[in-house]
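Participant: Have a look; sequence and predicted model below, questions after that.
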Amino acid sequence: MRAVQFTSFGGPEVLRIADVDVPAPGPDEILVRVAGAGVNQLDTKIRAGAMPQGRPAAFPLGTGVDAAGAVTAVGPGVTGVAVGDVVFGTGRATMAEQAILTAWATVPRGVDPVEAGGWGVATETAGRLLTELGLREGTLLVSGASGGVGSAVVQFAVARGLTVIGTASAPRHEYLAGLGAIPLAYGAGLADRVAEVAPHGVDGAFDLSGAGVIPELVGLVTHPTDVISIADFTAPGHGARVSTGATRTMRPEDGFAEAAALPGFALRVERRYALVDIADAHRQAAGGHTVGKLVVTP
Ligand SMILES: NC(=O)c1ccc[n+]([C@@H]2O[C@H](COP(=O)([O-])OP(=O)(O)OC[C@H]3O[C@@H](n4cnc5c(N)ncnc54)[C@H](OP(=O)(O)O)[C@@H]3O)[C@@H](O)[C@H]2O)c1
């Protein structure tokens, strides 16, 4: 089968299409025929060598974490899913015709599996962030709300009954309003703009873009720990929290289930890419201005 691989860390140009054996699912894993595979900034950071795993890389490496498609094989110990079921989730080397998933949920009826191929990381992260914040009512500020994680966070938070203020550049404001958020511009003067729409302040804030807004967000909440970042590791220096997959207390399936159970949940696919255009997809994702998701269709 065809799969994207790279044999050295570097820019998007290191990505190649290789002919590889179809992987066999191990215990608690499944194999899917990939209908869609969402591109994450994480993929571009791993490819660039910016995410050291603490041991030498075993090249060649595959790329991609998100995928959705029909199950073609199930590994030992797997229950509740059968060959032919259409699922989405997260796994490894998903930019390929077939890929292993290690966590999954059923693609809801009526949802295009290509779109669901971009749901994995975004919904897992959104569910984790909201659980870690633990806000039951009030106003949530989401900095960088129109991308993959932000689009999922906004929909989950609105469904949980929170008032959501989301920042993005002006061309994305209509999109954000459609998700149920109050759109605001990011950049200088954010605190004043927030004060206009939330005169009583905000009860929690997420930094999803890592654009250096932690001190400003901390100034808007009651306790610095009411601010959580997924992209700015200086946050603890300001009393705020960082959430990473590595320290998560939730199962990925919890975020998947929240998306699957939410009527009308959707992640806009800004652009679909063929497998051969994976380098372009990485360039676009790394830019950090995606509306919803970018999805590769092998
Ligand atoms: N720690 C974790 O567990 C975890 C999990 C998932 C993702 N991440 C990381 O989280 C980040 C976001 O992921 P994503 O997939 O949502 O990214 P994305 O799809 O590229 O979205 C980025 C968002 O940031 C906004 N943005 C860009 N420049 C900004 C600025 N200067 N100020 C405020 N907002 C700005 C964008 O809005 P415009 O397009 O309007 O500029 C967009 O809404 C990435 O760094 C990713 O690696 C971490």
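Facilitator: Ah, there it is. Numbering: from 1, shown residues only.
Participant: Is there proximity between stretch 208-220 and the ligand?
Facilitator: Yes. Counting by C-beta under 6 Å from any ligand atom, the ligand has neighbours in stretch 208-220: L208, S209, G210, A211. C-beta: built from backbone N, CA, C; applies to glycine.
Participant: Could I get those residues in TSV, plus columns for secondary structure, distance to A285 and pLDDT?
Facilitator: Shown next, in TSV, are those (DSSP: H, G, I helix; E, B strand; the rest coil; distance: C-beta to C-beta, whole Å; pLDDT from 0 to 100):
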residue	secondary structure	distance to A285	pLDDT
L208	coil	14	98
S209	coil	13	96
G210	coil	14	96
A211	coil	16	95
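Participant: For those, pick the one with the most neighbours.
Facilitator: Most neighbours among the residues of stretch 208-220 next to the ligand, by other C-beta atoms under 10 Å: L208, with 27 neighbours.
Participant: Excluding residues flanking it in the chain, which one is nearest that residue?
Facilitator: G144 (3.8 Å; C-beta to C-beta, 6 or more residues apart in numbering).
Participant: Where is the longest helix in this protein?
Facilitator: When the chain is parsed with DSSP state H, its longest helix is helix 120-133.
Participant: Kindly indicate whether the residue nearest to G84 when sequence neighbours are not counted is helix, strand or coil.
Facilitator: Counting by C-beta to C-beta, 6+ apart, A70 is the residue found nearest to G84 once chain neighbours are left out, at 5.9 Å. Assigned with DSSP: H, G, I helix; E, B strand; the rest coil, A70 falls in the strand class.
Participant: So A70 sits against V81, correct?
Facilitator: No. The criterion here is C-beta atoms under 8 Å, and A70 misses it with V81 at 10.8 Å.
Participant: Would you check how far apart H200 and R136 are?
Facilitator: The gap separating H200 from R136 is 16 Å, by C-beta to C-beta, to the nearest Å.
Participant: So what's the predicted local confidence for T247?
Facilitator: In the predicted model, T247 carries a pLDDT score of 57.
Participant: which residues in the stretch 51-200 of the chain form helices?
Facilitator: Secondary structure of the stretch 51-200 of the chain (DSSP state H, counting those that start in this stretch): helices at 113-116, 120-133, 148-159, 173-179, 190-197.
Participant: okay, those in CSV with distance to R271, mean neighbour count and mean pLDDT next?
Facilitator: Output for the helices of the stretch 51-200 of the chain, formatted as CSV (distance: least, C-beta to C-beta, whole Å; neighbours: other C-beta atoms under 10 Å; pLDDT from 0 to 100):
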stretch, distance to R271, mean neighbour count, mean pLDDT
helix 113-116, 12, 23, 98
helix 120-133, 16, 25, 96
helix 148-159, 13, 26, 98
helix 173-179, 14, 17, 98
helix 190-197, 29, 14, 96
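Participant: Turn those helices into a markdown table, columns for distance to A281.
Facilitator: Formatted as a markdown table, the helices of the stretch 51-200 of the chain follow (distance: least, C-beta to C-beta, whole Å):
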| stretch | distance to A281 |
| --- | --- |
| helix 113-116 | 14 |
| helix 120-133 | 15 |
| helix 148-159 | 13 |
| helix 173-179 | 20 |
| helix 190-197 | 30 |
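Participant: Turn the ones you listed into a markdown table, including distance to the ligand.
Facilitator: Formatted as a markdown table, the helices of the stretch 51-200 of the chain follow (distance: least, C-beta to the nearest ligand atom, whole Å):
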| stretch | distance to the ligand |
| --- | --- |
| helix 113-116 | 15 |
| helix 120-133 | 4 |
| helix 148-159 | 3 |
| helix 173-179 | 9 |
| helix 190-197 | 9 |
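Participant: so which of the ones you listed comes closest to A58?
Facilitator: Among those, helix 120-133 comes nearest to A58, with 22.6 Å by C-beta to C-beta.
Participant: Are there helices or strands packed against the closest one, and which ones?
Facilitator: Packed against helix 120-133 by the contact rule (3 or more C-beta pairs under 8 Å, 6 or more residues apart in numbering; DSSP states H and E) you find strand 30-39, strand 66-74, strand 86-92, helix 148-159, strand 204-207, strand 227-229, helix 252-261.
Participant: Please tell me how far the residue lying closest to S209 once chain neighbours are set aside sits from G255.
Facilitator: Closest residue to S209 apart from its sequence neighbours, by C-beta to C-beta, 6+ apart: G144 at 3.1 Å. Distance of G144 to G255, computed by C-beta to C-beta: 18 Å.
Participant: of those two, who's got more company?
Facilitator: Set G144 next to G255 and count neighbours by other C-beta under 10 Å: G255 wins out with 29 against 24.
Participant: I'd like to know how far that one sits from P52.
Facilitator: Separation of G255 from P52 (C-beta to C-beta): 26 Å.
Participant: Repeat that for A279.
Facilitator: Going from A279 to P52 by C-beta to C-beta gives 22 Å.
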